[in-house]
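Q: Structure for the following, please:
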Amino acid sequence: MRSKKSLRAVVLLFAVVVGLLPWVGPAQAHGTIINPQSRQYQCWKTWGNQHMNPAMQTQDPMCWAAFQANPDTMWNWMSALRDGLAGQFQARTPDGQLCSNGLSRNNTLNQVGAWKRSNVGQSFTAQLYDQASHGADYFRVYVTKQGFNPSTQSVGWGNLDLVATTGRYAPAQNISFSVTAPGRSGPHVLFVIWKASHMDQTYMWCSDINVV
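A: Predicted coordinates for the structure are as follows:
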């Protein structure tokens, strides 16, 4: 009888503690740019199933550093959101923190170095994958200026040109939009802001591209 009472007490205590924890379920699971791959998605996609592989340190040193600093950045590639920015993206996101969306836990995404790049033309299609199908009020799409060197420079607002602002998108898991970056060649950073439709939630990502 005593053991049964003790077990019931433990179960009750567990239920109370769980009830006090913040909810981080599907409401926090959204998405990212999967083509060209955002930094966190590229690291997860390439190394998620072999994140303990020592070869990552030499083959993909930027992802290796990110996994060493905080593996959750990659495991939760779909959840790099900020609430309540009210459209004040530039005022509330300092230079050098754009790729992490101003989130300190994802700070390694801001690091300068040899991130893996996707080859694109001066006109290409970007694709968002949104697990929760929340749709978009709009996307703001930026590309770094010609002459910017992503191997030695961190991304700041002054390094970017706004190349597109889209309209609304209905809820869907896959959303695509066109990007045109004339006058550019070589390594660049694609920077995308997604304003989700269901509430004031904002995502920002960096995708490393090579314009060919």
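Q: Can you identify each of the strands in the chain by residue range?
A: 31-35, 81-83, 118-120, 123-130, 136-144, 160-165, 174-180, 186-196, 201-211 (DSSP state E).
Q: Tell me which of these sits nearest to Thr152.
A: The closest of the strands of the chain to Thr152 is strand 186-196. By Cβ to Cβ, the value is 10.5 Å. For every residue, glycine as well, the C-beta is placed using N, CA and C.
Q: by contact count, what packs against that closest one?
A: Under the contact definition 3 or more Cβ pairs under 8 Å, 6 or more residues apart in numbering; DSSP states H and E, strand 186-196 sits against strand 123-130, strand 136-144, strand 201-211.
Q: highest average neighbour count across these?
A: strand 201-211 (a mean of 23; mean count of other Cβ atoms under 10 Å).
Q: same question for that strand, mean pLDDT?
A: Strand 201-211 shows a mean pLDDT of 97.
Q: chain center to that strand: distance?
A: Per Cα atoms, centre = their mean, to the nearest Å, the displacement of strand 201-211 from the mean C-alpha position of its chain is 7 Å.
Q: Alpha carbons of it, in PDB - could you do that?
A: Output of strand 201-211 as PDB, limited to C-alpha atoms (Å, rounded to 0.1, in the frame of the first residue of the first chain):
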ATOM      1  CA  GLN A 201       5.800  36.100 -35.600                       C
ATOM      2  CA  THR A 202       8.900  36.800 -37.700                       C
ATOM      3  CA  TYR A 203      11.600  34.600 -39.100                       C
ATOM      4  CA  MET A 204      14.900  35.600 -40.600                       C
ATOM      5  CA  TRP A 205      17.400  33.400 -42.300                       C
ATOM      6  CA  CYS A 206      20.700  33.500 -44.300                       C
ATOM      7  CA  SER A 207      21.200  31.200 -47.200                       C
ATOM      8  CA  ASP A 208      24.700  31.100 -48.800                       C
ATOM      9  CA  ILE A 209      24.600  31.200 -52.500                       C
ATOM     10  CA  ASN A 210      27.100  31.300 -55.400                       C
ATOM     11  CA  VAL A 211      25.700  33.300 -58.300                       C
END
